[in-house]
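# Attaching a predicted model along with its sequence, questions to come.
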Amino acid sequence: MTAYVFPGQGSQFPGMGKDLYDSDGNARIWFEHANDTLGFNITDIMFKGSDEDLRQTRVTQPAIFLHSVIKAKVLGDAFQPTMVAGHSLGEFSALMATGAMEFTGGLKLVAARANAMQRACEMQSGTMAAIIGMEDAKVEEICATIPGVVPANYNCPGQLVISGTLEAVTKACEVIKAAGAKRALILQVGGAFHSPLMEPARAELETAIAYTPIVNPRCPIYQNVDAHPRKDPARIKANLIAQLTAPVRWTQTMQNMLTDGATKVVEVGPGTVLQGLFKKVSKEVEAVGA
């Protein structure tokens, strides 16, 4: 059984997608349609922009979404998932690739999400930090004692990202390092994603999701908020809204996909992060890029 997984923010890189644009006529059409839909030439930023240009949330999210979904489209009949999942933003790419959303509507939804999150970041600055080499339960315990910081991304056993105000995250890193973590590294991100600081973006996202048609995907999608496989459009929409302020349960998602029979994992989109995470969970699984 093959699981297809789609990356989230942090996987972007300068020049992303240019190989697809140059080598495939249909890919060029989709990229140009995206430029028209978004109202600015995102391809210019993707192909020629700097790391800093690509780090803006309003650009990062649609750029990664485009790279992922167009790559899935280019795969054509070779794209045969038994199950799918996406890390944060990647959940939207997974839904698009499995036919739950159509291209224009999906892109508009991702752009609305990105803009809402960018505004939330500007209203209340925040940050995230990667905690390496500590049990999840211990990180949770420490976060519970420090107001303003929460677990945000359960990436794999021994790797958990926390999120919150700069002051709270900095303090949590100090306490966590003193408690024995191998590393506690502040990340270069635009804000405190998957934390209560994203609450101002919820109403905008809820409205955008309400107006976006979502139908049954062609296979189950394991969603971030609970790591369970879903096909019901109403539940999928509710989970997409909840995902904004809830942690990404990627460790549990990987474990559930493997338990449910996945023997091969294919990452579709920029980077190789998700392949590496699966290999940390299982030495038996075949994890490759599309």
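All right, it came through fine.
# Give me the distance between the strand ranked longest in the chain and the centre of its chain.
Using DSSP state E, we find that the single longest strand of the chain is strand 149-156. With C-alpha atoms, centre = their mean, to the nearest Å as the basis, strand 149-156 stands 13 Å off its chain's centre.
# Which is the succeeding secondary structure element to it?
strand 159-164 (DSSP states H and E).
# List the buried residues of that next one.
Gln159, Leu160, Val161, Ile162, Ser163, Gly164 (16 or more other C-beta atoms under 10 Å). Just so you know, the C-beta spots here come from the backbone N, C-alpha and C atoms, and that holds for glycine as well.
# now do stretch 25-41
Ala27, Trp30, Phe31, Ala34, Leu38.
# which other helices and strands contact the longest helix seen in the chain?
Across the chain, the longest stretch assigned as helix under DSSP state H is helix 103-123. Applying 3 or more C-beta pairs under 8 Å, 6 or more residues apart in numbering; DSSP states H and E, we find helix 103-123 packed against helix 25-38, helix 57-75, helix 90-97, helix 202-210.
# Tell me which of those sits nearest to Arg119.
Comparison of the helices and strands packed on helix 103-123 against Arg119 by C-beta to C-beta identifies helix 202-210 as nearest, at 7.8 Å.
# still on that earlier bit, closest to Phe278 among the buried residues of strand 159-164?
Distance to Phe278, by C-beta to C-beta, is smallest for Gln159 among the buried residues of strand 159-164, at 12.7 Å.
# I'd like to check which residues are in contact with that closest one.
Ala130, Ile131, Ile132, Leu277, Lys280 (C-beta atoms under 8 Å, 6 or more residues apart in numbering).
# Write down the beta-bridge partners of it, one by one.
Counting by DSSP bridges, Gln159 is bridged to Ile132, Cys156.
# And the pLDDT at it?
Here the pLDDT value assigned to Gln159 is 94.
# And for the one 10 residues further on?
With respect to pLDDT, Val169 scores 96.
# got the contact list for it?
Gly126, Thr127, Met128, Ala129, Gly148, Val149, Ile162, Ser163, Ile186, Ala192.
# Of the residues you listed, just the buried ones, PyMOL syntax please.
Selection of buried members from the contacts of Val169 for PyMOL, criterion 16+ other C-beta under 10 Å:
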select buried, resi 126+127+128+129+148+149+162+163+192
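# want to try JSON lines for the contacts of Val169, with distance to Asp22 as columns?
Formatted as JSON lines, the contacts of Val169 follow (distance: C-beta to C-beta, whole Å):
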{"residue": "Gly126", "distance to Asp22": "38"}
{"residue": "Thr127", "distance to Asp22": "37"}
{"residue": "Met128", "distance to Asp22": "34"}
{"residue": "Ala129", "distance to Asp22": "38"}
{"residue": "Gly148", "distance to Asp22": "46"}
{"residue": "Val149", "distance to Asp22": "44"}
{"residue": "Ile162", "distance to Asp22": "40"}
{"residue": "Ser163", "distance to Asp22": "37"}
{"residue": "Ile186", "distance to Asp22": "37"}
{"residue": "Ala192", "distance to Asp22": "37"}
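# winner for burial among the helices and strands packed on helix 103-123?
With neighbours taken as mean count of other C-beta atoms under 10 Å, the helices and strands packed on helix 103-123 reach their highest mean count in helix 90-97, at a mean of 28.
# what sits up against whatever helix or strand Phe47 lives in?
Here Phe47, judged by DSSP H and E, is contained in helix 42-48. Applying C-beta under 8 Å, 6+ apart, the contact partners of helix 42-48 are 14-18, 21, 31-32, 34-35, 53-54, 59, 62-63, 66-67.
# hang on, the earlier thing: with just CA atoms, put the longest helix of the chain into PDB.
Provided in PDB are the C-alpha atoms of helix 103-123 (Å, rounded to 0.1, in the frame of the first residue of the first chain):
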ATOM      1  CA  PHE A 103      -7.600  23.700  -8.700                       C
ATOM      2  CA  THR A 104      -8.800  27.300  -8.700                       C
ATOM      3  CA  GLY A 105     -10.900  26.900  -5.500                       C
ATOM      4  CA  GLY A 106      -8.100  25.200  -3.700                       C
ATOM      5  CA  LEU A 107      -5.600  27.800  -4.600                       C
ATOM      6  CA  LYS A 108      -8.000  30.600  -3.500                       C
ATOM      7  CA  LEU A 109      -8.500  28.900  -0.200                       C
ATOM      8  CA  VAL A 110      -4.800  28.500   0.400                       C
ATOM      9  CA  ALA A 111      -4.200  32.100  -0.500                       C
ATOM     10  CA  ALA A 112      -7.000  33.200   1.900                       C
ATOM     11  CA  ARG A 113      -5.500  31.000   4.700                       C
ATOM     12  CA  ALA A 114      -2.000  32.400   4.100                       C
ATOM     13  CA  ASN A 115      -3.200  36.000   4.100                       C
ATOM     14  CA  ALA A 116      -5.200  35.500   7.300                       C
ATOM     15  CA  MET A 117      -2.300  33.900   9.000                       C
ATOM     16  CA  GLN A 118       0.000  36.700   7.800                       C
ATOM     17  CA  ARG A 119      -2.300  39.300   9.300                       C
ATOM     18  CA  ALA A 120      -2.500  37.300  12.600                       C
ATOM     19  CA  CYS A 121       1.300  37.300  12.700                       C
ATOM     20  CA  GLU A 122       1.400  41.000  12.300                       C
ATOM     21  CA  MET A 123      -1.200  41.500  15.000                       C
END
